[in-house]
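Enquirer: the sequence isn't on hand, but the structure is:
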């Protein structure tokens, strides 16, 4: 059980926003602020936290998938060049192209 708990904590460290959201959810459940008087208020706060956590998690998932796909493409096609940001000189040349 200890290995599973250590693994969980290690995984949590990779995503600090998840830890923050879970702590916020616990604060709502425990009414840490003492300002939640109605179930409707607690429900809305929980929904907002869960929705935001879902957006952040989905964003991380998408970024991870994109990196994975780029890595696979580069590996499968040795001649393919990854997209990179143009350097400052390229911007300068493009700006003066129409003069």
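Expert: Happy to help now that I have it. This one's a predicted model, so the numbers in the text were calculated from it and none came from an experiment.
Enquirer: now tell me which helix or strand of the protein has the poorest mean pLDDT.
Expert: Lowest by mean pLDDT, DSSP states H and E among the helices and strands of the chain is helix 88-95, with a mean of 60.
Enquirer: nearest spatial neighbour of the residue positioned nearest the centre of the chain, skipping sequence neighbours?
Expert: With distances taken as C-alpha atoms, centre = their mean, residue 60 lies nearest the centre of the chain, 3.5 Å away. Spatial nearest neighbour of residue 60, chain neighbours left out: residue 15 (6.6 Å); criterion: C-beta to C-beta, 6 or more residues apart in numbering. Bear in mind the C-beta positions are built from the backbone N, C-alpha and C, glycine included.
Enquirer: what does residue 27 give?
Expert: residue 33 (7.0 Å).
Enquirer: for burial, what's the neighbour tally of that neighbour?
Expert: 9 (other C-beta atoms under 10 Å).
Enquirer: roughly how far does it sit from residue 47?
Expert: As judged by C-beta to C-beta, to the nearest Å, residue 33 and residue 47 stand 17 Å apart.
Enquirer: also residue 55?
Expert: 13 Å.
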